[in-house]
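> I would like to see how this sequence folds:
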Amino acid sequence: RWRDAQWQRAHCVRNAAQLRAVVGDLLQESFYADLAADAERFATMSTLLTPQLLNVMAPDAVDGPASFTEAFLAGPVRRYMLPVRSDRHPEWPSHPLARRDSLHEAEMWAVEGLTHRYPTKVLAELLSTCPQYCGHCTRMDLVGTSTPQVVKARLALRPVDRQELMLDYLKRTPGVRDVVVSGGDVANVPWPRLEAFLLRLLELESVRDIRLATKALVGLPQH
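Numbering: from 1, shown residues only. The predicted structure is shown next:
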């Protein structure tokens, strides 16, 4: 079942209790306390880990809670996806200039979800979820579920209505040649809806490049 994307999605780790159910006593209590402290005070993203990602967090660890916990804490994938309190700088737990929307994408929406920052390029955010949530996400204002630190913004329009507004704007703005299709992550867009949107983009003669932005190749390669 490991190769099945739906099995991977159904067995994602979403909280410390589920992590404990998978890893159990291989992680010392100090790690679970460290994780809880970060979630309570600093985390801007909720936990969402595919079994695929969890499986590569300490691949070379030897048996035993102490050695496994040490390897798990040191692992770069773990730091990337599952930050804990001890990872953070005591004075600057996040970058001092970090903001809810550090890249100011929402401020540049031409229509909901369509960021037009550069004259010839746009970013189309089709949804606000991903197969996995990265602890450092630059779209933390929108992506995922709320944390004690960040009450997430929400896309208000129905997906079909949002996409129609995006396509209408691009028809009226022929200077745009490059469209990055993202979210969240396009891996979470139902394929028929994503395909329909891409085919409509291909009908626009002014659009020359379409890029699909996804991390599912890493977090959910089974997809």
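> centroid residue for this structure?
Geometric centre of the chain, nearest residue: residue 133, 4.0 Å, by C-alpha atoms, centre = their mean.
> Tell me the spacing between that residue and residue 91.
26 Å (C-beta to C-beta, to the nearest Å). All C-beta spots, glycine's among them, are computed from the backbone N, C-alpha and C.
> Equivalent analysis for residue 213, please.
Counting by C-beta to C-beta - residue 213 and residue 91 are separated by 33 Å.
> Neighbour count: the two, which is higher?
The neighbour count for residue 213 versus residue 91, taken as other C-beta atoms under 10 Å, is higher for residue 213 (14 against 6).
> quick one, phi/psi of the residue nearest to the more buried one when sequence neighbours are not counted?
Closest residue to residue 213 apart from its sequence neighbours, by C-beta to C-beta, 6 or more residues apart in numbering: residue 182 at 3.8 Å. Backbone torsions of residue 182, given as degrees, to the nearest 10, read phi -150, psi -150.
> Look up the pLDDT of residue 182 for me, please.
With respect to pLDDT, residue 182 has a value of 95.
> dump the residue contacts of it.
Counting by C-beta atoms under 8 Å, 6 or more residues apart in numbering, residue 182 touches 123, 124, 125, 126, 212, 213, 214.
> from the residues you listed, which is closest to residue 204?
Nearest to residue 204, judged by C-beta to C-beta, of the contacts of residue 182 is residue 124 at 12.3 Å.
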